[in-house]
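**Q** fold the following, please.
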Amino acid sequence: MQLSITGKRWLLTIHLIFSAIMLGNMVTFFILSITAACTQSEQLVSSCYQIMHVLSKTSIRASTIGTFVSGILLSIWTKWGLFKSYWIIVKEILTAFLLILNLWGMYAWTLKAFEENMNQLDMYVFHIDLWTGIVIQILSLLFIFVISVFKPWGRRKVS
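**A** Have a look, this model is predicted:
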């Protein structure tokens, strides 16, 4: 099944909106994690992690699933195909990785942050883990955006 040009534009718009929300969530996580790491206020730290946890249960899940599903539908319902171009395969792999990282990692890390009383060393290790996840996501999303625009590596040769 091929979408009409109007249908393709609508599906692409939905895909871009979900992708933008996903990136916005990660930038928000980054800002909140810096705030939590730099403040002396336990109440502010707790609030930052509660906000991150709420986002991980709602907006992050919705935007990640929406991006993944709309991307797969775009591949199936347009000339691009699921496996015709290397850049699409790379996007699919990275998006699947982000799906796992978002649905499991961000939820688990933020839940741990505000449910457990951690000592200083545990909190430091936790911050490193969370920042690593956030930075990986932001860099992966930016890379996905870049390859979506430039479409490097071309089409696969089908024998």
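**Q** just checking, what's the longest helix in this structure?
**A** Identified as the longest helix of the chain according to DSSP state H is helix 5-38.
**Q** chain center to that one, what's the gap?
**A** In terms of CA atoms, centre = their mean, to the nearest Å, the centre of helix 5-38 is found 7 Å from the chain centre.
**Q** same question for stretch 3-10.
**A** With CA atoms, centre = their mean as the basis, stretch 3-10 stands 25 Å off its chain's centre.
**Q** render the CA-only coordinates of that stretch in CSV, please.
**A** Provided in CSV are the C-alpha atoms of stretch 3-10 (Å, rounded to 0.1, in the frame of the first residue of the first chain):
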residue,chain,number,x,y,z
LEU,A,3,0.1,6.6,0.7
SER,A,4,-1.0,9.6,-1.3
ILE,A,5,1.2,12.6,-1.2
THR,A,6,-1.2,14.3,1.3
GLY,A,7,-1.3,11.1,3.5
LYS,A,8,2.5,10.9,3.4
ARG,A,9,2.8,14.6,4.4
TRP,A,10,0.4,14.1,7.3
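**Q** helices of this protein, start to end?
**A** 5-38, 42-57, 59-77, 86-100, 107-115, 120-150.
**Q** buried residues in stretch 138-152?
**A** By neighbour count on 16 or more other CB atoms under 10 Å, the buried set for stretch 138-152 is 140-141, 144, 147. Where you see a C-beta, it was placed from the backbone N, CA and C, and this is true even at glycine.
**Q** now the residues you listed in CSV, with distance to Leu73 and pLDDT?
**A** Shown next, in CSV, are those (distance: CB to CB, whole Å; pLDDT from 0 to 100):
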residue, distance to Leu73, pLDDT
Ser140, 21, 93
Leu141, 19, 94
Ile144, 16, 95
Ile147, 19, 95
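**Q** thinking again about what came up before, which of the helices of the chain sits closest to Arg156?
**A** Closest approach to Arg156 among those is made by helix 86-100 (6.2 Å; CB to CB).
**Q** for that closest one, what is the average pLDDT?
**A** In this model, helix 86-100 has a mean pLDDT of 92.
**Q** how far away from the center of its chain is that helix?
**A** Distance of helix 86-100 from its chain centroid, counting by CA atoms, centre = their mean, is 11 Å.
**Q** weakest of the helices of the chain in terms of mean pLDDT?
**A** Note on the helices of the chain: helix 107-115 shows the lowest mean pLDDT, a mean of 76.
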